[in-house]
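*Asks:* for reference, the sequence and a predicted model appear below.
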Amino acid sequence: MKRIIMNTLKWAKLEANYNNRNILCVIASMIVNYLLYGVFPQEYFHFGFYKLNSAQKKTFFTTKEYARCRKKYSIPSYEEAIFFDKWIFSKVFSEYFGRGIIRIGSETKEQEILSFISNSTGSRFVYKPNKAQEGIGIKTIDINYKDDSTVLLQLKALPEGLLEEWIVQSNKMNDLYPNGVNCIRVYTFIQDGVVSFLDAKVTFGVTSNIVNATLGNNLFALVDVKSGVVISDLANYDMEVYKEHPVTGFTSKGLQLPMWREVLELVEKSARIVPQVAYVGWDIALTERGPILIEGNHCGGSGGNQFSVLRTDSKGIKDIWYR
């Protein structure tokens, strides 16, 4: 309960400041809209619910609605065992992982770690806590020295997790932003052997945080899932909009993402591996060898794809997801 109250206050303050509203009125409105439409405080702010009428609000696919659909179409034990555990995920989807990975923990032999590092293609690695969410705890590790004891000391100081080879993205994606792995997310739904592509977005780095995900300071844009063409400006989770990337200067709207046919083929094949999890948001990186899987999100929702600052129709995407 305390967490719910704190979360509501956080987003109520942002909403009050952003739209110059009384915070008590905002909180009251958030509660009413949650009861009527299942919209969470964060979504209330990002979806622009303050400015919408009842008919428009009913078009949004909210977290509450997403949870209801997951409960109906997905098996929780598969979600927990495969998608929440990054090590298991890397094994189940190893064919599409496209990079080396090793477990870091008490059961891993020191020689296995040293062998993994020496046989890797580069000196940069990514460490991930095994069951971390929203990018928490992820960090880059540069190992450019040959003192084995120093390497092991550095890695053993980390909590149990995974060490992955750094993804070297394609030249075209590197031109858009070179200091991070620019990430494509495609949402799929599988039922009766049929895979549907629901929606897509692309996230670009913009700060010194070179491990990219849909994190606070990065920028994202909406993508037409059929063509791979970017159909919006860039935005961050503070609702700031950019027509051009502030670092590299490219214009997002109208940009054709490369290898789109291959991206859809990859996520379709991935969706068929575990059909017991119907809704998945697949994170994809593009390399010169083709697209590879970063991870799959069984509870990724569709939040960024319904941001009011990126959509001009004042509508959500509920009809797309249901159709």
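*Replies:* All right, it came through fine. Numbers count the residues shown, from 1 in each chain.

*Asks:* moving C-terminal of the helix or strand hosting T203, what's the next helix or strand?
*Replies:* When elements are assigned from DSSP states H and E, T203 belongs to strand 194-204. Next in sequence after strand 194-204, counting helices and strands by DSSP H and E, comes strand 219-223.

*Asks:* rewinding a little: in its sheet, what does the strand holding T203 sit against?
*Replies:* strand 183-191 (antiparallel), strand 219-223 (antiparallel) (DSSP bridges).

*Asks:* could the ones you listed be laid out in CSV, adding mean neighbour count and distance to A200?
*Replies:* All C-beta atoms are positioned from the backbone trio N, CA, C, and that covers glycine. Formatted as CSV, the strands paired with strand 194-204 follow (neighbours: other C-beta atoms under 10 Å; distance: least, C-beta to C-beta, whole Å):
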stretch, mean neighbour count, distance to A200
strand 183-191, 22, 5
strand 219-223, 25, 4
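
*Asks:* of all the ones you listed, which one is nearest T121?
*Replies:* Proximity to T121, assessed across those by C-beta to C-beta, is greatest for strand 183-191 (20.4 Å).

*Asks:* returning to what we had before: looking at the strands paired with strand 194-204, which is closest to L176?
*Replies:* That would be strand 219-223 among these, by C-beta to C-beta, at 10.5 Å.

*Asks:* the closest one: what's the following helix or strand?
*Replies:* Next along from strand 219-223, by DSSP H and E: strand 234-235.

*Asks:* quick one: the helices in the chain?
*Replies:* 2-19, 23-37, 41-46, 54-57, 63-73, 76-78, 86-92, 110-118, 148-156, 171-176, 260-273, 318-322 (DSSP state H).

*Asks:* deepest of those helices, which one?
*Replies:* With neighbours taken as mean count of other C-beta atoms under 10 Å, the helices of the chain reach their highest mean count in helix 41-46, at a mean of 24.

*Asks:* what is the orientation angle of the helix or strand bottoming out on mean pLDDT in the chain with helix 110-118?
*Replies:* In the chain, no helix or strand scores lower on mean pLDDT, DSSP states H and E than helix 148-156, which sits at a mean of 72. Calculated by axes from the mean of the first three to the mean of the last three C-alpha atoms, to 10 degrees, helix 148-156 forms an angle of 100 degrees with helix 110-118.

*Asks:* which elements pack onto helix 148-156?
*Replies:* Packed against helix 148-156 by the contact rule (3 or more C-beta pairs under 8 Å, 6 or more residues apart in numbering; DSSP states H and E) you find helix 110-118.

*Asks:* any regions of this structure where pLDDT drops low?
*Replies:* For the chain, the stretches with pLDDT under 70 are 106-107, 131-135, 145-148, 208-217, 300-302.

*Asks:* alpha carbons of stretch 177-192, as PDB, please.
*Replies:* Taking Å, rounded to 0.1, in the frame of the first residue of the first chain, the C-alpha atoms of stretch 177-192 are listed here in PDB:
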ATOM      1  CA  TYR A 177      23.800   7.000 -32.200                       C
ATOM      2  CA  PRO A 178      27.200   5.300 -31.600                       C
ATOM      3  CA  ASN A 179      27.600   5.300 -27.800                       C
ATOM      4  CA  GLY A 180      24.900   2.700 -27.000                       C
ATOM      5  CA  VAL A 181      23.000  -0.200 -28.500                       C
ATOM      6  CA  ASN A 182      19.900   1.300 -30.100                       C
ATOM      7  CA  CYS A 183      17.000  -1.000 -29.400                       C
ATOM      8  CA  ILE A 184      14.000  -2.000 -31.400                       C
ATOM      9  CA  ARG A 185      11.000  -3.400 -29.600                       C
ATOM     10  CA  VAL A 186       8.300  -5.400 -31.400                       C
ATOM     11  CA  TYR A 187       5.200  -6.600 -29.600                       C
ATOM     12  CA  THR A 188       3.700  -9.900 -30.700                       C
ATOM     13  CA  PHE A 189       0.700 -12.000 -29.800                       C
ATOM     14  CA  ILE A 190       0.400 -15.700 -30.600                       C
ATOM     15  CA  GLN A 191      -2.800 -17.700 -30.600                       C
ATOM     16  CA  ASP A 192      -3.600 -21.000 -32.300                       C
END
